[in-house]
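[1] here is a sequence with its predicted model. Questions after.
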Amino acid sequence: QVQLVESGGGFVQAGGSLRLSCAASGRSFSNYAMGWFRQAPGKERKFVAAITLSGGSTYYVDSVKGRFTISRDNDKNTLYLQMNSLKPEDTAVYYCGAARQVYSDYEYYDYWGQGTQVTVSS
């Protein structure tokens, strides 16, 4: 079992920044690829970014490339998502997930956090 707890969400104006964190406990964090997904009301959970076990490779959905940065600190068992130049369409609940390898499909992730709300006003 891996327990994941997200934090860092909030309310921000368009153009602002937020940094999300995902703290992991339980089985070894470094054994899992990690991903960030987001879900707007009434919509499906969608891929945002992912990172390999070592952090050597990262992947992003096109809409956040150049604005968001995913990173991890395996010594601190923590995943991050730095979000800059935020837009109203980034408003959603953001979830971190753990998987055996990098996937963009949320169905392949084994563990999830409870989510953190990000709201961007225009």
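    Perfect, I can see it now. Numbers count the residues shown, from 1 in each chain.
[2] quick check, pLDDT for the residue positioned nearest the centre of the chain.
    Nearest to the mean C-alpha position of the chain, by C-alpha atoms, centre = their mean, lies Trp36 at 2.4 Å. Among the per-residue scores, Trp36 shows a pLDDT of 98.
[3] is it within a helix or a strand, and which one?
    Taking DSSP states H and E as the definition, one finds Trp36 inside strand 33-39.
[4] Val12 now?
    Taking DSSP H and E as the criterion, Val12 maps to strand 10-13.
[5] quick one: contacts of that strand?
    The set of residues external to strand 10-13 that reach it, using C-beta atoms under 8 Å, 6 or more residues apart in numbering, is Leu18, Leu86, Gln117, Val118, Thr119, Val120, Ser121. Where C-beta positions appear, they are placed from N, C-alpha and C, glycine not excepted.
[6] may I see the ChimeraX selection of the buried members of the residues you listed?
    Filtering those down to the buried ones (16 or more other C-beta atoms under 10 Å) takes a single ChimeraX command:
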select :18,86,118,120
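[7] okay if I get the contacts of strand 10-13 as a markdown table plus secondary structure, distance to Ala40 and pLDDT?
    Putting the contacts of strand 10-13 into a markdown table (DSSP: H, G, I helix; E, B strand; the rest coil; distance: C-beta to C-beta, whole Å; pLDDT from 0 to 100) gives the following:
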| residue | secondary structure | distance to Ala40 | pLDDT |
| --- | --- | --- | --- |
| Leu18 | strand | 16 | 98 |
| Leu86 | coil | 14 | 98 |
| Gln117 | strand | 11 | 98 |
| Val118 | strand | 10 | 98 |
| Thr119 | strand | 11 | 98 |
| Val120 | strand | 11 | 98 |
| Ser121 | strand | 15 | 97 |
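[8] all good on my end, thank you.
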